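Visitor: the sequence and its predicted three-dimensional model are supplied below.
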Amino acid sequence: MTTDLAKLATDIAAGNRRALARAITLVESGRGDHRADALTLLDTLGTTQQALRIGLSGTPGVGKSTFIESFGLMLTGMGKRVAVLAVDPSSARSGGSILGDKTRMEQLSRDPLAFIRPSPSQTQLGGVARRTRDAVALCEAAGFDIVLIETVGVGQSETMVAQMADLFVLLLAPAGGDELQGVKRGIMEIADLVLVNKADGDLKAQASRTCADYAGALRLMRKRAQDPDGFPKALTVSALENNGLTGAWEAMQTLSDWRRDNHIWATTRAAQARYWFHEEVRLQLLARLAEDASLRAKLAQLEQAVTDGATSPAAAAASVIATLDS
Ligand code: GDP
């Protein structure tokens with residue numbers, strides 16, 4: 001390992017935020033030599049330091065940044081070190097980011113106990129998730145107590161965030177009863193805590209009704225092995241008026257303590273490591289296929305054959321895999 005890399009590791013372990021930012025830039029880089037350095041760095045830092053990783057999802061406008069600002073400041077006020085990362089599927093598609101706006105979380109970004117990093121822009125969501133996962137590991141090595149991983153409620157990104165979090169929080173806005181169906185069942189199934197935000201002013205009564213609806217819906221769902229009684233839970237909060245945030249934090253702690261005591265925390269992290277291993281094999285195999293010019297041509301040709309109905313997707317895939325043996 002180079003002395004530069006060794007120094008970077010030492011600085012991160014000492015909690016230096018600039019070193020952390022530099023290391024995240026390194027793990028986000030697409031260059032092969034940077035990737036090798038990034039892996040050496042992650043290996044050197046290890047995984048003994050652990051933070052509470054909280055995944056947070058919600059559609060644009062529900063108040064994610066307002067919530068993270070208020071909740072984050074509450075936590076730093078308790079002396080906790082808080083890192084905020086993002087997985088933004090829009091950055092994968094267009095290079096532009098919904099979650100990257102610089103004016104977000106203005107106070108928290110100036111807090112010496114906080115560290116905020118926007119979503120990496122990559123061409124694929126798988127790439128975004130991979131970089132964010134590395135960034136989570138770096139934040140843990142830098143001694144952060146809590147890592148918040150934010151995502152917008154679109155497509156596959158929640159599943160990816162849930163696979164790198166210890167707790168998954170779904171943020172919602174007050175809504176009419178018929179909108180309950182609008183939340184995809186899959187997201188409800190991975191949520192540990194549903195927070196109905198904007199429970200203030202004119203929206204307060206509506207927020208309470210929405211919360212009761214969700215509490216009812218959660219009770220109807222199958223009891224999961226990873227939950228104590230009363231979870232998953234629905235609560236109302238107001239990120240704007242700082243209401244309900246202590247209660248939300250208490251619920252998160254109750255749940256994470258219970259999971260630690262019942263060995264679910266470690267088992268879940270082990271299962272997540274397995275998930276990412278398979279995901280990495282898949283990504284790296286695809287990258288390998290794309291590297292080879294003749295294979296790329298073959299892929300294009302087979303894609304056309306599948307489009308034309310000349311061959312089945314399974315048979316076309318099998319002939320790609322067969323070329324790996326030759
Ligand atoms: P994001 O897109 O999910 O990050 O949402 P923002 O945090 O940007 O909030 C969207 C809008 O909702 C902004 O106008 C906020 O001021 C407003 N908002 C956020 N939290 C609350 C809240 O607790 N109460 C009310 N009334 N408005 C809120």
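Guide: Great, that's in hand.

Visitor: what residues go with each domain of this structure?
Guide: Here the domain parsing of the chain from automatic domain parsing is 1-46, 48-261, 274-325.

Visitor: and D325, how far from the ligand?
Guide: 49 Å (Cβ to the nearest ligand atom, to the nearest Å). Any C-beta I mention is one placed from the backbone N, CA and C, and that applies to glycine too.

Visitor: with W276 instead?
Guide: Shown here: W276 relative to the ligand, a distance of 27 Å by Cβ to the nearest ligand atom.

Visitor: excluding chain neighbours, what is closest to that residue?
Guide: Closest residue to W276 in three dimensions, ignoring its sequence neighbours and counting by Cβ to Cβ, 6 or more residues apart in numbering: R133, at 6.5 Å.

Visitor: that neighbour against Y275, yeah?
Guide: No - under the criterion of Cβ atoms under 8 Å, R133 lies out of contact with Y275, with a separation of 10.4 Å.

Visitor: higher neighbour count, these two?
Guide: Residue environment comparison for R133 versus Y275 gives the larger neighbour count to R133, 23 against 14, counting by other Cβ atoms under 10 Å.

Visitor: let me know the helix or strand that the more buried one is in.
Guide: helix 125-141 (DSSP states H and E).

Visitor: C-terminal to that helix, what's the next element?
Guide: Scanning the chain past helix 125-141 towards its C-terminal end, the next helix or strand to appear is strand 146-152 (assignment: DSSP H and E).

Visitor: excluding its own residues, what touches that next one? List them.
Guide: 51-60, 64, 68, 71-72, 75, 80-90, 98-99, 132, 136, 139-140, 157-158, 160-161, 164-165 (Cβ atoms under 8 Å, 6 or more residues apart in numbering).

Visitor: ok and it relative to helix 125-141, angle-wise?
Guide: For strand 146-152 against helix 125-141, the angle between stretch directions is 160 degrees (axes from the mean of the first three to the mean of the last three Cα atoms, to 10 degrees).

Visitor: tell me which strands strand 146-152 pairs with, and in which orientation.
Guide: Neighbouring strands of strand 146-152 in its sheet, by DSSP bridges, are strand 52-58 (parallel), strand 82-87 (parallel).

Visitor: deepest in the core, which of those is it.
Guide: Here the criterion is mean neighbour count by mean count of other Cβ atoms under 10 Å, and of the strands paired with strand 146-152 the winner is strand 82-87, at a mean of 27.

Visitor: what about that one, average pLDDT?
Guide: Over the span of strand 82-87, the pLDDT mean works out to 92.

Visitor: quick one: that strand near the ligand?
Guide: No - legend: contact between strand 82-87 and the ligand by Cβ under 6 Å from any ligand atom is lacking; minimum distance shown is 10.2 Å.

Visitor: ok so, going back, average pLDDT across the helix holding R133?
Guide: pLDDT averaged over helix 125-141 gives 89.

Visitor: and that helix, what's buried?
Guide: 125-141 (16 or more other Cβ atoms under 10 Å).

Visitor: and if you look at stretch 37-48?
Guide: Going by neighbour count (16+ other Cβ under 10 Å), the buried part of stretch 37-48 is D37, A38, L41, L42, T44, L45.

Visitor: now swap in stretch 60-80 and tell me
Guide: 62-76, 80.

Visitor: flag every residue of this protein that's near the ligand.
Guide: If contact is defined as Cβ under 6 Å from any ligand atom, the residues of the chain in contact with the ligand are 58, 60-66, 197-198, 200-201, 203, 238-240.

Visitor: and the furthest pair within these?
Guide: With distance counted by Cβ to Cβ, no two of the residues of the chain next to the ligand lie farther apart than P60 and G201, which are 21.0 Å apart.

Visitor: outside of stretch 222-229, which residues touch it?
Guide: With contacts defined as Cβ under 8 Å, 6+ apart, stretch 222-229 is touched by D192, P232, T254, L255, W258, R259, I264, T268.

Visitor: output stretch 216-229 in CSV with nothing but the alpha carbons.
Guide: Taking C-alpha atoms only, stretch 216-229 is exported to CSV below (Å, rounded to 0.1, in the frame of the first residue of the first chain):
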residue,chain,number,x,y,z
GLY,A,216,-54.1,-0.4,10.5
ALA,A,217,-52.5,-1.5,7.2
LEU,A,218,-49.3,-2.5,9.0
ARG,A,219,-51.2,-4.5,11.6
LEU,A,220,-52.8,-6.5,8.8
MET,A,221,-49.4,-7.5,7.4
ARG,A,222,-47.7,-10.7,8.3
LYS,A,223,-45.6,-10.6,11.5
ARG,A,224,-41.9,-10.6,10.6
ALA,A,225,-39.3,-12.4,12.6
GLN,A,226,-37.1,-9.3,12.8
ASP,A,227,-39.7,-7.3,14.8
PRO,A,228,-40.7,-6.9,18.4
ASP,A,229,-44.3,-6.3,19.3
